[in-house]
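S.K.: based on what follows, work out the 3D shape:
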Amino acid sequence: MVQRRFRWITIDPKVCHGKPVFKETRVLVSDVLEMLASGMSIEEVLEEYPQLTREMVLEAIALAAELLRRERRVLPLPA
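M.R.: Got it, this is the predicted structure:
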């Protein structure tokens with residue numbers, strides 16, 4: 001599998017305790033993913049964080065997909 005390079009997401013131990021953030025921001029990728037998971041649209045996320053672009057939000061989704069592909073354990077299904 002070809003590993004994807006991420007243009008807009010960075011991890012720096014000096015920024016937000018080393019959690020993934022969007023470059024040149026302190027916006028956590030996990031916060032954006034949680035907003036999307038709660039039902040917010042990309043447009044609503046962009047209203048909340050005008051410093052982000054649609055491309056950046058889509059890259060966050062791609063990062064989540066990449067991490068899930070790498071996960072070797074089977075996720076438990078809800079009861």
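S.K.: isn't residue 61 right up against residue 36?
M.R.: Yes: with contact defined as Cβ atoms under 8 Å, residue 61 reaches residue 36; the gap is 7.2 Å. From N, CA and C alone the C-beta is placed, and that goes for glycine too.
S.K.: looking at these two, which has the bigger crowd around it?
M.R.: residue 36 (17 against 14; other Cβ atoms under 10 Å).
S.K.: quick one: contacts for that one?
M.R.: By Cβ atoms under 8 Å, 6 or more residues apart in numbering, the contact set of residue 36 is 42, 45, 57, 60, 61.
S.K.: residue contacts, the closest residue to the first one other than its chain neighbours?
M.R.: If I follow you right, that is residue 42. With sequence-adjacent residues excluded and distances taken as Cβ to Cβ, 6 or more residues apart in numbering, residue 42 is closest to residue 57, at 5.1 Å. If you count contacts by Cβ under 8 Å, 6+ apart, residue 57 has them with 32, 36, 42, 45, 46.
S.K.: want to try JSON lines for the residues you listed, with distance to residue 69 and secondary structure as columns?
M.R.: Shown next, in JSON lines, are the contacts of residue 57 (distance: Cβ to Cβ, whole Å; DSSP: H, G, I helix; E, B strand; the rest coil):
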{"residue": "32", "distance to residue 69": "19", "secondary structure": "helix"}
{"residue": "36", "distance to residue 69": "18", "secondary structure": "helix"}
{"residue": "42", "distance to residue 69": "22", "secondary structure": "helix"}
{"residue": "45", "distance to residue 69": "23", "secondary structure": "helix"}
{"residue": "46", "distance to residue 69": "26", "secondary structure": "helix"}
